[in-house]
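Q: No sequence on hand, only this structure:
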C-alpha cells in the first residue's frame, strides 16, 4: 500500500494531486423552467456591460458567464462611447457585440446587439435592443438617439427607474417619460435591476401595456456579486415561439415576459398562471388517514420558486417550493378544490397570484 | 399598517425594495493568519492574468478581487506579448501593472510588477517578480529572458511543474531546470497551482533551497472558479518583516514562505511549526471528571486549517480545526504532554508536521 | 507511483479513502463578538426544545449543537408535561436539564434550568429561566405557575408575541399582559423568535423597561432549519460581568441584552453603541490622492453585521461589514468627523443607531 | 409611503417581519435520478440510528429528514438493546420502527424494519433488513442472530468493513466473513459508509456476487454532518421494478444496486452504464466552424455526477457534469464515435467505466 497510507487525509499522487474541495466545476447549470402552452420559456438577461464601457470583463466572457449560469439569451448593452479610440480598450459601439458573437454561436446562445443611452433623471437610462448598428445611439440629443433606435426597429426599455442615485425618495414617472411613451419609444421597463425591485414600475407596465423586464446590469463578474449557490441570477423569462432572435423580439413586443429575481416572480396574471400550471402538479392522494383525510404530494417540477398558501382553510401555513421541491398537503375528505395564493408571484405592485385548483 | 401587511413575505417599499437573499455584499473578507515571532504573515498571490494576456478581466479588477478575497499582495503576471499594438487590448508588457497601480494604492495592497515567460516543457513557464521593466522578458531566447530578469534582481519561480498539459505522466526535473537552477535563476517553485498540488515539488524546494509557492494562476473571475464559501483562495503566506515591497522581496529570497491551499498547508517544518504555535493554544482544563480526566479547550485563533491527531494514545480520532474553530480534548490525569500530528501540514512530499506539546 | 496514478480523480487508498467534499467537520465555530467596557458579551439562546416536549432531539444533543454553533449559554425550555410517565420519553419536567448537564459542563457551556408555560393568546407562551425546580410550572392555573416561578427568582419572558398562529393580524398587548407586567412577572420579551422579528415588541421593551430577547425556539435540528453557512443562528447577546450563571442572571435582570438575528441587531442605544465601538475602528489614512482626499480603512473586528451609511454627504452608498470584513472610505481633506447611520441596528421599532465619529 | 421608507434595508411590518436570509425552507428536495430500462431507480439509505440506540433524534424525525433529503426508502437500524426498559428511551427493538411507520406512510416513503448487530472485528457490524421481528437479533451468539435473521428472509449486509476503529491498517476479509458468506448470511457490503469509501470492498462484492451498498450510518442530524448545499447525502441507488417493499427486497437480492457518494459512483459495469445512458445525451451539432469542426451539447439530464474524459484524443480535458449540467464538446468533422471514460464511476477498486459512444 506504500506511502499512500502514511497520510491520514487521503492518498496523494506525488506528481499531481487534485484538491477537489477548492473549486467550482465550470459546467453550465441548466435551469429548469417549463414551456407553457404555445411557447418556450427562454431565460434572458437584457442588460450587461463589458470592458467596452464601465464593465470589467471581456464581451466573450460575459457571454460565457451567462451560459454557465444557464441563460439562453443575453444582450451586451455597453454605455455609448463617443471617443472610442481614446479608450483603454478601443473600438466603436458595435465592437463588444462583434467580439462576443462567435463565442455565443459556439455555446448555442442568442446574443442581442444593443446599447445603453445614459442621462441624468429625467429621463435616466434606456436600453435599445435588436439594433442593426449601435452607433445610432451615439448622439448628443437623447430623443434623437431614441428615434434612431426606433427606426432600426429596436425594443426600447427604461432601466432601473427606482435607482436611488437618480430617484432617491420616490420612483417617479416624469413628463419626459410620458413623452417618450407617447412617441412609442418605450416598450418595457425594468421592474427589477441587479438587486432592487420597483413594485410601482410593475403597475406602470400594466397600465401602459409595457413589457416587464428583470436584468442584472452586470458590470463585474456575476459570480462575485450574486450568491449563485442560493438562487439563479435574476432574469427575464420570455415566452417565445422558438429560440430565434426574431421570435424573442416578437415576444418582447407582444409583452410576453415575466421577471424572476430570487424568491420572487412578477408579471401579468395570465403569464404567471401559465407558468404555475406548467410547474406545479398535485398528485392523487397516496395516503388516507383514519379520519378520511387524504394526503397529496404537491410537486414543483421546475426550478421556479412558489410560496403557496391556501385561503379557504384547507391547510394552514405556507408551502414553499423552490427548485424541484415537493411537499405534502393534508386535505379533508370532502374537499374538492383549493384556493391557492402564491405570495411571491406579484401580479401588480400590491397584488399576488390567486388560483382556484380542482383536486 | 397599510399595504405592508397584505404581502406575507415581507413588507415592500413600492419605490424600491431590496432583495437581500440574492447578493453577496462586496466588502473585504479579512483572513486571520497570525504573525509569527519576528514576522508578519502576509497573504499573497504571485500568479494572475488580465486582459493584457489571456485573462478576461481588467488589471484594476484583478487587484480589487484580490482585496475582496483578503489578500495583502498580488502580482499580475501576464504572458509576454510581442506585438502589443495588434492586440484587442493594446499596450506593452508594463501596461497592466500601470493600469492597476492606483487601485492597489487606494486599497492599501502591494502590487508587484511581474511577467510570465511561457515555453513548452522543458522548461515550461516561469514568473519573474519585482521587475523594473517587464519588457526585458520579451525575448525569443528563453535563457536570455531569465538572465535579463535576474539582472533586474527579479525573484524567479517555476510555475505549475506538474501541469498535465506539459507533464502528463510524471512531474520531472529536466536538465534544463538543472541548468537554470545552477545559474541561480530559479528561486522558487509552485508546489500548488490553481487546484493541483505537486508533492514532489515540495521535496525539490527542500533539497535545493527554493521558496515554496502557491498561486491561483487566475485567468477568469476568482469567484467563478473557487468555492469561496468554503475556503479562501489558495495563497502563498510570506513571513515578512513589514508590509513593504522590499520586505516581501527579502522574505521570498530568504525562503520564508508557506503554501496554503484549501485544507492543506505545505512548507518548511520551522515555518509550519511557527504558524501552528501562533494559531493554536490549549487552555487550562475547565472540567475534571470523576475519574480525574481533565477536559481542555484546543483553540484555533486563526483561519488556518489544522487537522490534529495524537500519536501516543492520549486521545483518539482527529481534531479538525478550520477557520476560528475550537474543540475539547479529554486527557487522563497523569498526562503531561501530547505528541501532535498535523496531517494536513506537509513538511515534505511524504511527511507531515509533528510537534510535542507540553500541557 | 503504483496504483495511485491510474485513477484520474485523486489517489485512493484501497482500504479506506475519505471523501472530503461531503462532510462538514464537527468543530465549534467560534463567533467573534467583542467585550464592551465592563462586560463580556455572551452568546445565548434562551428558548429550545428536546424530546422531553415536542422537540426531536435529545437534551445533550441540544447542548452539543449549541456548542458547535458557537454559543456560550443555552436554556432548554421544554413545554410542561403533566403526565410524564405516559410519554414516549418518560421523565418529569426537570429531566431534560438533568440529562444535559454533564455534557454542558464537559463542553464548558452554561446550561440554564428552565421551562415553557404554553397557553392560548392571551397571554400566549412564557419562559421561566433560572428555576430551581421546573415542576413549579406544572399547574393548571397560568398565573399560579408564573407566581411560583417568580418565587424561585426566575427571569420570565414573553415568547414570540407576534406569532401568527396566535396573533395573525396585529401584535397586541392584552390586558392579561398588563396584569402580568404589573405583578412584576414579566422581565423580557422576544423581539425575535426563530425567523420572525416583531418591531413593536422592541418598543414595548423600551417603554416598560424589559429585556430584549432573541431566541431560536428550536424543535428540530438547528442545522436543518437555519442556513448556517450564511449567518450564525439567532441569539441574545448578554453583557455579563463574567461567565457564571449568577452573572448572566444579573445581566438579564439589568436588561443588558441585544438581539442578533441574521443581518439585524436590536436593542437599547447604549448597548448597540458600545458594541459598535468595540467592533469597528477607522484606521489612519493609508493613501491621499492628488486632490487631498484621504482613504481610510473601516474595519469590523467582530463577526457582528454593520450596515453603515454617512448622513452628512462625506461618502455615498452603504458600507456593509459582516463577519470580520473591512472596507475603504474616501474622505475630503477638510472632513473631521462622520455622521454614521447603522441601518441594521434597530434602537426602536422605527429607528436605527446613529453615531457621530471623530476621525 | 409611511414608515416603510425610513428603513434603508427593507420595509418591515411592525407586527411581524420575516428575515428570509436566515432560514432554509423545509420542503423536500427532489433528486433527479432517471429510471433505466425495466427499473425505477430508488434512492435509499439502509443504515441509520435513532434515540432507540445511540442516535440523537426520534425515529419519525429520521424519516422526515430522509424525506426532506429526497430519499424514497429508509431503514432504521438501531443497535440491539438487551435491557430496553432500563433505557432513557424505553421500548423493545421493534419500537423505533413502530414509532416511525405512520410518518413514513404520510410522507409516501418506504420504511424497512431492520436492526444492527454490533461486535468487535471480526466480524464487526452487520445490518439485517426486512425483518418481521427485530427481537430475533437480540442474542448473545452472533451467528445465532444472523441465522435468525436469515430465517426471517432478511437481507444481511456487512457494514463499514474498513472502519478504522476496527480495521486501522488493512481492510481485511477474515475467516469469520468467509464462514458467514458460505452459510449464505451475507448478501451485501457497504463499499461506502458515512464519509469513507472502501475500494477493496467493491472488489469483494464483484468476486462474491454481493450487493454494493452505500449508507450514511447517521447518528446525529444529517444536516449537521453533511454539507448538503454541495452534494445529496450518500445513498444506495436500487434498480427496482416498482416502489413496493417487496420489489426493493427483490432488487437487493438480485444485486441491482449502485453506490452514490458525493462526486463518486460505484457498482457493476452494467448498472453504471445503464445509469450513464439514461442520464447523458449528446445533441446534434448546433454549430460548425470554418474548419468543419462540429460543436455538440453534452447534457446531463440527471443529478448524478459524471466526470468524462475522451481517450482517443477527440477532445482534451475533463467534462464535469454534476446536477443537471451541460457542456459543449468540439469534434472534428470526420469523428464518428467517442471513447468515453467516466473517472468517477468505479466499476472495481481500480477501474472506472469506459463506454464507446456513437455520435
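A: Perfect, thanks for sending it. Quick caveat: nothing in here was measured; it's all calculated off a predicted structure.
Q: switch to C-alpha atoms for all contacts and neighbour counts from now on
A: Fine.
Q: Can you read off the pLDDT for the closest residue to chain C within the stretch 51-200 of chain A?
A: Of the residues in the stretch 51-200 of chain A, the one nearest chain C is residue A:165, at a distance of 9.0 Å by CA to the nearest CA. Looking at residue A:165, its pLDDT is 92.
Q: give me phi/psi at it?
A: Dihedral angles of residue A:165 (phi, psi; degrees, to the nearest 10) stand at phi -70, psi -30.
Q: burial count for it?
A: Neighbourhood size, residue A:165 [other CA atoms under 10 Å in any protein chain shown]: 11.
Q: need the contact list for the residue nearest to residue A:199 when sequence neighbours are not counted.
A: Counting by CA to CA, 6 or more residues apart in numbering or on different chains, residue A:199 lies nearest to residue A:349, which is 4.3 Å off, once chain neighbours are set aside. Residue A:349 is in contact with A:199, A:200, A:201, A:202, A:203, B:14, counting by CA atoms under 8 Å, 6 or more residues apart in numbering or on different chains.
Q: Residue A:349: what secondary structure?
A: Here residue A:349 is coil, with the state taken from DSSP: H, G, I helix; E, B strand; the rest coil.
Q: quick one: it and chain D, what's the gap?
A: Relative to chain D, residue A:349 is positioned 13 Å away (CA to the nearest CA, to the nearest Å).
Q: Which pLDDT does the model give the residue most central in space within chain A?
A: With distances taken as CA atoms, centre = their mean, residue A:235 lies nearest the centre of chain A, 0.8 Å away. pLDDT recorded at residue A:235 is 98.
Q: before we move on, what about residue A:24?
A: So residue A:24 comes in at 87 (pLDDT).
Q: Quick check: it vs chain B, distance?
A: Distance of residue A:24 to chain B, computed by CA to the nearest CA: 5 Å.
Q: ok, that residue - contacts?
A: Contacts for residue A:24 (CA under 8 Å, 6+ apart) come out as B:224, B:225, B:226, B:227.
Q: how about a markdown table for those residues, with secondary structure added?
A: As requested, the contacts of residue A:24 are exported to a markdown table (three-state DSSP):
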| residue | secondary structure |
| --- | --- |
| B:224 | helix |
| B:225 | helix |
| B:226 | strand |
| B:227 | coil |
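Q: Can I have the buried ones of the residues you listed as a PyMOL selection?
A: Command for PyMOL, covering only those of the contacts of residue A:24 found buried under the criterion 16 or more other CA atoms under 10 Å in any protein chain shown:
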select buried, chain B and resi 224+225+226+227
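Q: What helix or strand is the nearest residue to residue A:42 once chain neighbours are set aside located in?
A: In space, and not counting its chain neighbours, residue A:42 is closest to residue A:238: 5.0 Å by CA to CA, 6+ apart. Residue A:238 belongs to strand A:235-240 when elements are defined using DSSP states H and E.
Q: now swap in residue A:65 and tell me
A: Secondary structure from DSSP H and E places residue A:65 in helix A:59-68.
Q: and that helix with chain D, contact?
A: No: against chain D, helix A:59-68 shows no contacts by CA under 8 Å from any CA of the partner chain, the least distance being 8.8 Å.
Q: after that helix, next one along is what?
A: Using DSSP H and E, the helix or strand that follows helix A:59-68 in sequence is strand A:73-76.
Q: Show the average pLDDT along that next one.
A: On average, strand A:73-76 scores 98.
Q: Within the sheet, what are the partner strands of it, with directions?
A: Partner strands for strand A:73-76, per DSSP bridges, with pairing direction: strand A:40-45 (parallel), strand A:110-118 (parallel).
Q: Give me the mean pLDDT for the first one.
A: Averaged across strand A:40-45, the pLDDT comes to 98.
Q: Could you pick out the residues of the stretch 51-200 of chain A near chain D for me?
A: A:105, A:106, A:107, A:108.
Q: make it 6 Å
A: Proximity of the stretch 51-200 of chain A to chain D (CA under 6 Å from any CA of the partner chain) is limited to residues residue A:106.
Q: can you map out the strands along the stretch 51-200 of chain A?
A: A:73-76, A:110-118, A:125-129, A:155-158, A:188-193, A:196-197 (DSSP state E, counting those that start in this stretch).
Q: hmm, who's touching the last one?
A: Yep, that's strand A:196-197 we're talking about. A:191, B:16, B:17, B:18 (CA atoms under 6 Å, 6 or more residues apart in numbering or on different chains).
Q: if we go to 10 Å?
A: Residues outside strand A:196-197 that contact it (CA atoms under 10 Å, 6 or more residues apart in numbering or on different chains): A:160-164, A:190-191, A:214, A:216, A:259, A:261, A:264, A:266, B:12-20, B:22.
Q: Partner strands of it, with direction?
A: With DSSP bridges as the test, strand A:196-197 is paired with strand A:188-193 (antiparallel), strand B:17-18 (antiparallel).
Q: any idea how far chain B is from residue A:303?
A: Distance, residue A:303 to chain B, by CA to the nearest CA: 15 Å.
Q: would that residue count as being in a strand?
A: No: assigned with three-state DSSP, residue A:303 falls outside any strand and is coil.
Q: Tally up the residues packed near it, please.
A: Neighbour count of residue A:303, defined by other CA under 10 Å: 19.
Q: Kindly report the same for residue A:344.
A: 23.
Q: That one in helix, strand or coil?
A: Going by three-state DSSP: residue A:344 is strand.
Q: In chain A, which helix is the longest?
A: The helix that spans the most residues within chain A, counting by DSSP state H, is helix A:95-107.
Q: circling back to that earlier point, who wins for proximity to residue B:330 among the strands paired with strand A:196-197?
A: strand B:17-18 (48.5 Å; CA to CA).
Q: and the very next helix or strand once past the closest one, anywhere near chain A?
A: Downstream of strand B:17-18, the next assigned helix or strand under DSSP H and E is strand B:28-29. No: remark: strand B:28-29 sits outside contact range of chain A, by CA under 10 Å from any CA of the partner chain, the gap being at least 12.0 Å.
Q: Pull the residues that contact strand B:28-29.
A: B:64-71, B:232, C:299-300, C:320-328.
Q: So which of these reach chain A?
A: Answer for these near chain A (CA under 10 Å from any CA): B:65, B:68, B:232.
Q: thought the second one was touching residue C:326?
A: Read that as residue B:68. Yes: using CA atoms under 10 Å, residue B:68 is in contact with residue C:326, at 8.8 Å.
Q: Please enumerate the shared neighbours of those two.
A: Common contacts of residue B:68 and residue C:326, defined by CA under 10 Å, 6+ apart, comprise B:26, B:27, B:28, B:29, B:30.
Q: Could you take these and lay them out as JSON lines, with extra columns for distance to residue C:282?
A: Shown next, in JSON lines, are the shared contacts of residue B:68 and residue C:326 (distance: CA to CA, whole Å):
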{"residue": "B:26", "distance to residue C:282": "18"}
{"residue": "B:27", "distance to residue C:282": "15"}
{"residue": "B:28", "distance to residue C:282": "14"}
{"residue": "B:29", "distance to residue C:282": "16"}
{"residue": "B:30", "distance to residue C:282": "15"}
